[in-house]
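[1] how would this look folded up:
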Amino acid sequence: MGSLSIHRRAVVPPGVKLLRSLVNREPDYDAYRTSVLILTFIAYTLYHVSRKPPSIVKNVLVSSYKPWNSVGDLENAMISLPWPLYKIFINRVQEIDTGINNSIALGNKVISVGQPDEFQGWAPFDGDSGAALLGQMDLSFLGSYAVGMYFAGPLADRLSLRFFLAIGMTGTGLLVSLFGMAYWWNIHRFAYFLSVQAVAGLFQATGWPSVVAVVGNWFGKRKRGLIMGLWNAHTSVGNIVGSLIASDELHGGWGWSFLVPGFSIVGGGLLVFLFLVEDPAIVGLTLPHRTESIIDGGERVNGREGLKNENARKTEKLPVSSMHTAVEPILPLLRDEESDLKAEKGFAGPEQRIQAIGFRQACAIPGLIPFAFCLFFAKLVAYTFLYWLPFYIEHTAIDGHYLSDKTAGNLSTIFDTGGVVGGILAGHLSDKMNARAITAASFMYAAIPMVFLFRAYGSKSFWLTILTLFMTGFFVNGPYALISTAVSADLGTHSSLRGNARALATVTAIIDGTGSVGAALGPLITGYISVDGWNGVFAMLMVSASISGLLLTRMVVVEVREKVQFSKRLSAQNFGS
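    Predicted structure coming up:
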């Protein structure tokens, strides 16, 4: 009764009811967990798909004339990239210094040259202050996203996560579509774009706390870093797919770059509403982080049997002395699961689990504040790349040649490809080493030289661009993915919460909300200082990466001390035996 009562507003999704009646049997625990991973992966992929168009369309909104050296240089640049890079990244060429609409033949391939007015820009972004206005527009979206995050988390802990997520996805799709409709409605008022982005940011804030809370409800701490590292690939996959869609739709008018992602996320919201099972308790299963570490007769307990045994254990009277009344100032995140379980059993009153925690109580969780501010600077770096990388690539000569807006958008996906690999490896290493802080700090420190190498040598050749861009994404997105997923889930189920199952979304919102403030500031500052050149931008990114790593110093020391003590105990045991 206790674990089910916290979901009194939640019901079995209609799509699940229909599937049950069609197959005439109850899906098992693993089937539900798989469906949750797939649905939440699709959901947040679509959130990022809908978030990507502004960074791609920047190149079209701002007037950009880039003269090519010569047709001969173009041909050499094209054929220097083998298949499939030739077809993926170099797919349209501009020769806009002639002012003549024509085409260039390279072997048996004819490359169309865009008309000059395609690059005149779109008022009000086509003037000298265009980059600054784009930075303000990014701030409008990311600022409201950061503010909305602090409210979205507590709301998600009190409402049905399925409804909350479906409404957020539908609202996001409508707002993204409204931005794109400005192309056909011929809207040139900056206030329109600013207000649409501000409201869109509020709807976007519903996504992250909800999906992390749902996944955290279904998966315990065992291998959480690896599982969430794989699952968190949705961020980079969404950026990649969003870039490719937005770039591909530019030929029909930049409005389509918003409309297609907008309709897609509305469809995803319908899918979530129909099929997402937000918590095991809804379908009569038990929460994993309360049973995964319990051994009953030599076998792991989970599923319905685990629920029965857990209810039996709840009837036992626990002595007051067994309750944990104090928490150390800082504890390693990945503690032994059995000890965490004992802490939960000591506070297993159903009344306590019903109540969602407050903001102040969440901030008191050991480790939350340093990880939140670490994410502030990590997201500042990541989102500066997210929003300005295609613009930077298009306006930077690579091996002496400038790329088209579509090519620049496609090439920017290399950063996110590296982010997929980095996120997975960071999660796996943090599980293996049992050290979240050490992993996150190491990746952030390694990102500093990679950012420098990308700026200093990335433009020397296409291959160096691809290599340095991949490695930069690898080290930048690794800790970003780790902190916003596995660390948030660890803290949301921390033993200091006394078994409170309604803290995940709030904790996630605080961490990611703080990070989103940095995500808002990075693109805004870039819009202003990039006017005087990009060296200042990259200096800002390197300083931010170093601060991000330094903020975890105390947590790193705790983890190192814990490992040294464990090693000494192990040596003593071996010596004694």
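[2] Just the strands from the stretch 151-300 of the chain, written as ranges.
    Remark: strands assigned in the stretch 151-300 of the chain by DSSP state E, counting those that start in this stretch are 295-296, 299-300.
[3] between those, which gets the lowest average pLDDT?
    Of all the strands of the stretch 151-300 of the chain, the minimum mean pLDDT falls on strand 295-296 (a mean of 33).
[4] residues near K563, how many?
    Neighbour count of K563, defined by other C-beta atoms under 10 Å: 15. No exception for glycine: its C-beta is placed from N, CA and C like everyone else's.
[5] so how far is N186 from the closest residue to it other than its chain neighbours?
    Distances taken as C-beta to C-beta, 6 or more residues apart in numbering put A435 closest to K563, at 7.3 Å, once the chain neighbours are dropped. Taking C-beta to C-beta, to the nearest Å as the measure, A435 falls 55 Å from N186.
[6] and if you look at A509?
    Separation of A509 from N186 (C-beta to C-beta) stands at 38 Å.
[7] Show the contacting residues for the spatially closest residue to A233 that is not a sequence neighbour.
    Of all residues not flanking A233 in the chain, V420 sits nearest, at 4.6 Å (C-beta to C-beta, 6+ apart). When contacts are counted by C-beta atoms under 8 Å, 6 or more residues apart in numbering, V420 touches 233, 236-237, 477.
[8] what stretches of the stretch 151-300 of the chain score poorly on pLDDT?
    Residue ranges of the stretch 151-300 of the chain with pLDDT under 70: 220-226, 229, 286-300.
[9] Tell me where it has helices.
    161-185, 190-204, 207-218, 224-231, 233-249, 256-275 (DSSP state H, counting those that start in this stretch).
[10] Output those helices as a markdown table; include the columns mean neighbour count and distance to S571.
    A markdown table is the format used below for the helices of the stretch 151-300 of the chain (neighbours: other C-beta atoms under 10 Å; distance: least, C-beta to C-beta, whole Å):
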| stretch | mean neighbour count | distance to S571 |
| --- | --- | --- |
| helix 161-185 | 22 | 46 |
| helix 190-204 | 20 | 51 |
| helix 207-218 | 28 | 36 |
| helix 224-231 | 25 | 27 |
| helix 233-249 | 24 | 39 |
| helix 256-275 | 21 | 51 |
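[11] coming back round to it: compare A435 and N186 (neighbour count), which wins?
    Each of A435 and N186 has its neighbours counted (other C-beta under 10 Å); A435 has more, 24 against 8.
[12] where along the stretch 301-450 of the chain do the helices fall?
    Remark: helices assigned in the stretch 301-450 of the chain by DSSP H, counting those that start in this stretch are 303-314, 337-346, 350-354, 359-363, 368-394, 405-411, 413-433, 436-457.
[13] Format these as CSV; extra columns: mean pLDDT and distance to G262.
    Below are the helices of the stretch 301-450 of the chain laid out as CSV (pLDDT from 0 to 100; distance: least, C-beta to C-beta, whole Å):
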stretch, mean pLDDT, distance to G262
helix 303-314, 40, 40
helix 337-346, 40, 42
helix 350-354, 40, 38
helix 359-363, 72, 32
helix 368-394, 89, 18
helix 405-411, 81, 18
helix 413-433, 87, 20
helix 436-457, 93, 32
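[14] Ok, which of the ones you listed comes nearest A156?
    With C-beta to C-beta, the closest approach to A156 among those belongs to helix 359-363: 12.9 Å.
[15] With only the CA atoms kept, save the closest one in PDB.
    Extracted C-alpha coordinates of helix 359-363, given in PDB (Å, rounded to 0.1, in the frame of the first residue of the first chain):
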ATOM      1  CA  PHE A 359      14.300  22.600  -2.400                       C
ATOM      2  CA  ARG A 360      16.300  23.100   0.800                       C
ATOM      3  CA  GLN A 361      16.200  19.500   1.800                       C
ATOM      4  CA  ALA A 362      17.400  18.500  -1.700                       C
ATOM      5  CA  CYS A 363      20.300  21.000  -1.600                       C
END
